[in-house]
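Chemist: what follows is a predicted structure for the sequence shown.
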Amino acid sequence: MKLFSLLLFSIFIAFATSFWYTPELKKEFDEFKVKFNKSYRNKFAEIIAMLNFKNCTEFIRKHNADESSTFLLGVTQLCDLSYEALMNFTARALPEGPMMESRALSYVDPSIFPVGPTSIDWRDSGCVTPVKDEFYYCNSCYAFSGVAALESQWCLKNNISVTLSEQMIIDCSKGFFGNQGCNGGSQGASWTYIEMISDGIESDTTYPFIQLAPNIVQKCQYNRSRAVATTIGYSRLQSRNITLLQNAIAAVGPVAASMNGGWPTFWYYSDGVYSDADCKPSRSHSVLIVGYGVDDSVDPPIPYWICKNSWSIYFGDNGYFKILAGKNICGIEVQLVYPLVPYVADWTTTTTTTRRPTTTTTRPTTTTTRSSTTSTSTKTTTTTIRPTTTTTEITTSTTTRPTTTITTTTNPATTTTTTETTVNIATSTEELTTIETQDTTAF
Ligand SMILES: *[C@@H]1O[C@H](CO)[C@@H](O)[C@H](O)[C@H]1NC(C)=O
Ligand SMILES: *[C@@H]1O[C@H](CO)[C@@H](O)[C@H](O)[C@H]1NC(C)=O
Ligand SMILES: *[C@@H]1O[C@H](CO)[C@@H](O)[C@H](O)[C@H]1NC(C)=O
Ligand SMILES: *[C@@H]1O[C@H](CO)[C@@H](O)[C@H](O)[C@H]1NC(C)=O
Ligand SMILES: *[C@@H]1O[C@H](CO)[C@@H](O)[C@H](O)[C@H]1NC(C)=O
Ligand SMILES: *[C@@H]1O[C@H](CO)[C@@H](O)[C@H](O)[C@H]1NC(C)=O
């Protein structure tokens with residue numbers, strides 16, 4: 001029997017290789033294997049991978065021969081996967097289910113942002129963390145996008161660079177506010193989980209990414225005393241308003257977005273301004289918009305967004321891509337959110353085991369408009385000594401702080417109720433609980 005299989009296998013290989021196998025392809029594929037450290041289970045798997053690779057490189061050559069295109073494709077680590085496998089992974093949207101989430105349908109007043117400059121790239125601020133790699137097969141783009149946005153906002157507000165744990169979001173927020181572990185979720189639900197349930201998020205050093213096999217969700221390992229950052233809510237921008245998105249990015253920093261990630265020209269994008277109008281709007285992938293600009297080397301000039309992906313540094317331009325602005329390519333201009341973060345002094349890292357009386361604090365209400373970018377808004381954090389009864393209290397962004405000179409924006413009239421279990425429920429007139437139905441991305 002074994003011999004028979006072996007014989008069949010040999011015949012298959014001889015047959016399979018005879019038509020398409022060329023020394024050039026072999027050489028290219030060998031280089032690919034080295035560059036991306038690829039190894040295959042067996043010879044059969046390797047031949048399938050090589051066939052996919054051949055199809056991929058042919059697709060890339062064909063696209064790059066078209067000189068009218070504004071972008072180039074290149075060999076990425078995805079080139080040995082079949083079209084079906086990639087679609088399976090990158091285009092999967094969740095069945096829509098109602099998700100209880102406050103803020104889901106409330107939008108920031110577009111007039112609060114001052115007019116931004118013609119271009120901005122937050123990578124220059126030092127507050128955009130290194131590009132991560134969400135492969136293996138766990139649909140966790142929402143965690144990567146949400147965490148990347150939080151890393152940047154935390155850094156811009158507190159001048160503390162942190163890289164945070166996507167695995168914690170995958171494991172722990174599963175079942176909260178509509179998040180579904182390796183089956184997708186949303187950035188907003190992840191931030192709300194951090195704000196209301198966990199009261200913080202660990203770094204990706206203490207809580208590392210462990211996707212060594214497909215779809216791994218482990219028991220939540222969160223330890224509150226290791227939390228290094230938190231959120232106090234999030235804001236949503238109106239869809240498809242280019243001026244608003246530019247002004248908001250300039251004023252608050254990187255903004256998380258969702259898009260259609262299930263499209264071949266996107267998988268293999270390598271350089272230029274991505275502009276494939278055939279990439280239809282959908283919500284299957286999530287990224288972080290870290291800036292915008294205009295490519296005026298071409299006529300007419302092309303406005304673009306600069307986006308951070310989580311498909312390793314081998315995707316695109318060192319992990320980033322530029323995408324045509326104003327045409328809602330792949331639906332990237334629809335779902336735009338960013339987390340609100342406190343000053344670190346307002347959020348102490350005392351463990352939840354500290355017993356303290358239940359207090360209800362009504363915060364003073366101020367509504368101010370931020371007038372400049374946040375890159376210089378670092379605050380003194382050492383002088384604030386807070387009473388022990390408020391150790392795990394989360395303050396909203398409208399708090400008037402005695403020790404600071406800049407007050408930041410957004411949620412008017414917020415009452416924070418602090419309970420012993422560190423579950424904080426923020427409500428306000430415009431944050432009525434709504435049923436969110438369309439906010440989830442799968443990959
Ligand atoms: C290459 O892959 C092997 C096994 O797949 C792994 O043990 C090794 O650490 C990888 N090396 C690099 C540089 O990623
Ligand atoms: C080859 O690649 C293209 C683009 O990704 C895809 O549409 C097509 O289905 C692939 N063909 C095969 C046989 O995998
Ligand atoms: C598609 O995904 C499902 C569920 O994860 C899996 O069982 C199936 O094998 C995948 N198909 C391909 C072609 O990867
Ligand atoms: C931010 O922190 C760095 C060191 O971590 C320090 O050199 C720099 O002065 C700080 N910036 C501000 C505005 O406080
Ligand atoms: C939580 O983390 C702290 C600090 O690293 C550690 O001392 C403590 O033992 C941890 N608790 C649990 C239950 O693992
Ligand atoms: C788009 O945003 C701009 C700038 O914030 C604002 O002035 C304008 O009213 C918005 N347009 C719409 C249709 O809301």
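Modeler: That came through, no problem. Ligands and ions are numbered 1, 2, ... in the order given.
Chemist: Asp296: neighbour count?
Modeler: Asp296: 10 surrounding residues under other C-beta atoms under 10 Å. The C-beta positions use only the backbone N, C-alpha and C, and glycine is treated the same way.
Chemist: tell me the pLDDT of it.
Modeler: Per-residue pLDDT puts Asp296 at 93.
Chemist: point me to the residue of this protein nearest ligand 5.
Modeler: As assessed by C-beta to the nearest ligand atom, ligand 5 sits closest to Asn223 within the chain, at 3.6 Å.
Chemist: for ligand 3, what are the nearby residues on this structure?
Modeler: Glu84, Ala85, Asn88 (C-beta under 6 Å from any ligand atom).
Chemist: where does confidence bottom out across the residues you listed?
Modeler: Asn88 (84).
Chemist: neighbours of Pro110, just the number please.
Modeler: Residues lying near Pro110 (other C-beta under 10 Å) number 14.
Chemist: likewise for the one 10 residues further on?
Modeler: The criterion is other C-beta under 10 Å. On that basis, Ile120 has 21 neighbouring residues.
Chemist: that older thread, just among the residues of the chain next to ligand 3, which is most surrounded?
Modeler: Asn88 (15 neighbours).
Chemist: please state the offset of the host helix or strand of that residue from the chain centre?
Modeler: Asn88 is part of helix 83-90 when elements are defined by DSSP states H and E. Chain-centre distance of helix 83-90: 19 Å, with C-alpha atoms, centre = their mean, to the nearest Å.
Chemist: helices or strands up against that helix?
Modeler: If you count contacts as 3 or more C-beta pairs under 8 Å, 6 or more residues apart in numbering; DSSP states H and E, helix 83-90 packs onto helix 264-267.
Chemist: what sits up against the helix it packs on?
Modeler: For helix 264-267, contacts defined as C-beta atoms under 8 Å, 6 or more residues apart in numbering pick out 59, 63, 71, 73, 76, 78, 83, 86, 90, 260, 274, 276, 278-279, 330.
Chemist: show me those that map onto helices.
Modeler: Residues of the contacts of helix 264-267 located in helices (DSSP state H): Phe59, His63, Tyr83, Leu86, Thr90.
Chemist: mind checking pLDDT for the fourth one?
Modeler: The score at Leu86 is 92. That number is its pLDDT.
Chemist: residue contacts, the residue in the stretch 251-400 of the chain that ligand 3 sits nearest to?
Modeler: In the stretch 251-400 of the chain, the residue that lies nearest ligand 3 is Gly262 (12.4 Å; C-beta to the nearest ligand atom). By C-beta under 8 Å, 6+ apart, Gly262 lies in contact with Leu86, Met87, Thr90, Ala91, Arg92, Ser282, Ser284, His285, Phe443.
Chemist: swap in 6 Å and give it another go.
Modeler: Met87, Thr90, Ala91, Ser284 (C-beta atoms under 6 Å, 6 or more residues apart in numbering).
Chemist: quick one: the first one and ligand 6, what's the gap?
Modeler: Read it as Met87. Plainly put, Met87 is 35 Å away from ligand 6 if you go by C-beta to the nearest ligand atom, to the nearest Å.
Chemist: ok, which stretches of the stretch 251-400 of the chain are strands?
Modeler: Counting by DSSP state E, counting those that start in this stretch, the stretch 251-400 of the chain has strands at residues 255-259, 269-274, 285-295, 302-308, 320-324, 336-339, 360-361.
Chemist: for the chain, what spans make up the helices?
Modeler: Going by DSSP H, the chain shows helices at 2-20, 23-35, 43-65, 83-90, 141-158, 166-172, 187-193, 242-252, 264-267.
Chemist: how about these in TSV, adding distance to Asp199?
Modeler: TSV is the format used below for those (distance: least, C-beta to C-beta, whole Å):
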stretch	distance to Asp199
helix 2-20	56
helix 23-35	42
helix 43-65	45
helix 83-90	33
helix 141-158	14
helix 166-172	12
helix 187-193	10
helix 242-252	23
helix 264-267	36
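Chemist: can you flag the weakest of those by average pLDDT?
Modeler: For these, mean pLDDT drops lowest on helix 2-20, to a mean of 64.
Chemist: give me the neighbour count for the closest residue to ligand 2 within the stretch 201-350 of the chain.
Modeler: Residue nearest to ligand 2 within the stretch 201-350 of the chain (C-beta to the nearest ligand atom): Pro264, separated by 3.6 Å. Using other C-beta under 10 Å, Pro264 has 21 neighbouring residues.
Chemist: which positions in the protein make contact with ligand 6?
Modeler: Checking the chain against ligand 6 by C-beta under 6 Å from any ligand atom, the hits are Pro110, Ser111, Phe113, Gln238, Asn241, Thr243, Leu244, Asn247.
Chemist: redo that, cut-off 5 Å
Modeler: Taking C-beta under 5 Å from any ligand atom as the contact definition, the chain meets ligand 6 at Pro110, Asn241, Thr243, Leu244.
Chemist: tell me, what residue is most central in this structure?
Modeler: Residue closest to the average C-alpha location in the chain (C-alpha atoms, centre = their mean): Ser145, at 0.7 Å.
Chemist: that residue contacts Ala256, correct?
Modeler: Yes - Ser145 lies in contact with Ala256 (C-beta atoms under 6 Å); the separation is 4.7 Å.
Chemist: what about Ser82, neighbour count?
Modeler: Per other C-beta under 10 Å, the neighbour tally for Ser82 reads 14.
Chemist: oops, could you answer that again for Tyr40 instead?
Modeler: By the measure other C-beta under 10 Å, the count of residues near Tyr40 is 14.
Chemist: does it touch Ile48 like I think?
Modeler: No - between Tyr40 and Ile48 there is no contact under C-beta under 6 Å: 8.4 Å.
Chemist: Tyr269 bridge partners, please.
Modeler: Leu73 (DSSP bridges).
Chemist: tell me the pLDDT of the residue of the chain closest to ligand 5.
Modeler: 98.
Chemist: so what's it closest to, chain neighbours aside?
Modeler: In this structure, Asn223 finds its nearest non-sequential neighbour in Glu202, 7.0 Å apart by C-beta to C-beta, 6 or more residues apart in numbering.
Chemist: what about that neighbour, neighbour count?
Modeler: If you count neighbours by other C-beta under 10 Å, Glu202 ends up with 24.
Chemist: which bits of the protein sit near ligand 2?
Modeler: Within the chain, the positions near ligand 2 by C-beta under 5 Å from any ligand atom are Asn55, Phe59, Tyr83, Pro264.
Chemist: now do Ile289 against ligand 6, distance only.
Modeler: Distance of Ile289 to ligand 6, given as C-beta to the nearest ligand atom: 16 Å.
Chemist: report the angle between the axes of the helix holding Asn88 and helix 141-158?
Modeler: 50 degrees (axes from the mean of the first three to the mean of the last three C-alpha atoms, to 10 degrees).
Chemist: please consider this matter closed, and thank you.
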